[in-house]
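Q: build me a structure from this.
(one chain, ligands or ions: 2)
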Amino acid sequence: MKTNRTFTMLKPDAVEDGHIGAILAKINEAGFKIVAMKMTQMSRRDAQLFYAIHADRPFFSSLVEFMVSGPIVAAILEKENAVEDFRALIGATNPADAAEGTIRKLFAKSIQCNAVHGSDSDENALIESEFHFATREIF
Ligand code: ATP
Ligand code: MG
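A: Numbering: from 1, shown residues only. Ligands and ions are numbered 1, 2, ... in the order given. Predicted coordinates for the structure are as follows:
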């Protein structure tokens with residue numbers, strides 16, 4: 001995959017609260033092109049694998065239960081400097097610390113139910129994209 005791409009999920013809280021359209025509008029307005037997208041629900045094993053890096057953290061089991069609690073929207077986004085620019089667009093993990101106008105400031109409810117995921121490196125963007133999408137689903 002090209003390195004001008006990042007991976008995102010609209011998390012179960014954002015989907016349940018009806019924010020899919022508003023968040024996708026923010027993503028488009030910021031100049032990202034959607035090159036893959038689907039609504040799906042992660043299994044417990046999916047969520048444990050996806051967030052394996054956090055397996056030793058005290059919030060891990062709660063995070064897994066949250067991520068399997070309802071459907072998500074997974075997408076791959078393309079833009080120059082995609083990983084860094086998308087992290088700026090979503091804002092800090094804790095919405096209380098997120099800058100004005102960021103997606104988490106606008107739509108997140110708590111440090112856990114924080115509306116969106118964004119890859120933290122080109123390497124993880126590729127791993128996470130391949131976790132959720134077959135080659136034929138990426139355009
Ligand atoms: P993401 O990887 O989902 O984009 P992030 O990179 O901003 O988020 P991470 O440190 O990777 O933050 O944490 C992964 C996710 O775990 C967070 O987005 C949040 O849903 C949850 N999380 C992180 N810290 C806490 C915490 N202290 N308490 C509860 N949940 C947390
Ligand atoms: Mg992270």
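Q: what is the residue nearest the centre of the chain paired to in the beta sheet?
A: Among the residues of the chain, the one closest to the centroid is H117, at 2.4 Å (Cα atoms, centre = their mean). Beta-bridge partners of H117, counted by DSSP bridges, are M9.
Q: verify the contact between it and T8 for me.
A: Yes. The criterion here is Cβ atoms under 8 Å, and H117 meets it with T8 at 5.9 Å. In short, each C-beta sits where N, CA and C put it, glycine included.
Q: count of residues packed around E123?
A: Other residues near E123 come to 11 when the count uses other Cβ atoms under 10 Å.
Q: who touches L89 in this structure?
A: For L89, the contact set (Cβ atoms under 8 Å, 6 or more residues apart in numbering) comprises 26-27, 30, 102-103, 118.
Q: secondary structure, distance to ligand 1 and neighbour count added to those, as CSV?
A: Listed next are the contacts of L89 as CSV, based on DSSP: H, G, I helix; E, B strand; the rest coil; distance: Cβ to the nearest ligand atom, whole Å; neighbours: other Cβ atoms under 10 Å:
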residue, secondary structure, distance to ligand 1, neighbour count
K26, helix, 15, 19
I27, helix, 14, 22
A30, coil, 16, 14
T102, coil, 11, 21
I103, helix, 11, 26
G118, strand, 5, 24
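Q: list the residues that contact the residue nearest to the centre of the chain.
A: 7-9, 11.
Q: give me the PyMOL select line for these, limited to the buried ones.
A: Buried residues within those, by 16 or more other Cβ atoms under 10 Å, are selected in PyMOL with:
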select buried, resi 7+8+9+11
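Q: nearest to M42 among the contacts of H117?
A: M9 (8.6 Å; Cβ to Cβ).
Q: any idea of the pLDDT on A47?
A: We note a pLDDT of 98 for A47 in this prediction.
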